[in-house]
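**Q** Okay, sequence plus prediction incoming.
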Amino acid sequence: MKTKDKEFIIGLAERFYEFSLTSRRDKKKMIAAQKRIIDTILSNPSSTVFVAEQKNEEPIGFIHVTKMIDYFTGEPQGYISNLAICHGMERKGVSSLLIQEAEEWSKNQGFEQIVLNVF
């Protein structure tokens with residue numbers, strides 16, 4: 001990951017607060033918390049962040065994938081914790097490509113499955 005990617009990820013993570021589900025929460029506190037979370041995930045050796053770029057190396061999306069223990073089986077699995085795409089890049093296959101990267105990472109870790117929560 002490039003040095004500039006961290007600021008891109010922090011900025012794009014603000015998309016997580018565009019939904020009415022989180023409108024009752026303080027946006028400034030949520031953004032500050034997201035910055036702390038990003039610092040944590042970027043320094044976690046058992047997780048990876050993939051950044052999608054256009055041909056001109058402009059970042060347009062990211063996905064964070066990490067190891068998680070399955071609640072039911074106790075087996076390790078891949079877990080997609082964050083996925084965000086820039087405005088205007090939706091429905092262009094960016095998310096699909098990032099998910100493919102996460103699936104490949106998960107397979108390379110020896111996990112039999114990869115999961116995510118959606119709201």
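**A** Arrived safely, thanks for sending. Numbering: from 1, shown residues only.
**Q** is the residue lying closest to residue 79 once chain neighbours are set aside in a bridge, and if so with what?
**A** Once flanking residues are discounted, residue 79 sits nearest to residue 68: 3.6 Å by CB to CB, 6 or more residues apart in numbering. Every C-beta, even on glycine, is put in place using the N, C-alpha and C of the backbone. When bridges are called by DSSP bridges, residue 68 pairs up with residue 77.
**Q** Strands along this structure, start to end?
**A** 47-53, 59-69, 76-85, 114-116 (DSSP state E).
**Q** which other residues reach the last one?
**A** If you take CB atoms under 8 Å, 6 or more residues apart in numbering as the criterion, strand 114-116 is touched by 65, 68, 70, 77, 78, 79, 80, 81, 83, 102, 103, 106.
**Q** Pull the number of nearby residues for the fifth one.
**A** Same thing as residue 78. Residues lying near residue 78 (other CB atoms under 10 Å) number 25.
**Q** My guess is it contacts residue 102. True?
**A** Yes. Using CB atoms under 8 Å, residue 78 is in contact with residue 102, at 6.6 Å.
**Q** Least confident secondary structure element in the protein?
**A** helix 27-42 (a mean of 82; mean pLDDT, DSSP states H and E).
**Q** From the contact counts, what lies against that one?
**A** Applying 3 or more CB pairs under 8 Å, 6 or more residues apart in numbering; DSSP states H and E, one finds that helix 27-42 contacts helix 5-12, strand 47-53.
**Q** As TSV, the ones you listed with mean neighbour count and distance to residue 41 would be great.
**A** Putting the helices and strands packed on helix 27-42 into TSV (neighbours: other CB atoms under 10 Å; distance: least, CB to CB, whole Å) gives the following:
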stretch	mean neighbour count	distance to residue 41
helix 5-12	16	9
strand 47-53	19	5
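**Q** So which of those is nearest residue 110?
**A** Distance to residue 110, taken as CB to CB, is lowest for strand 47-53 among the helices and strands packed on helix 27-42, at 14.4 Å.
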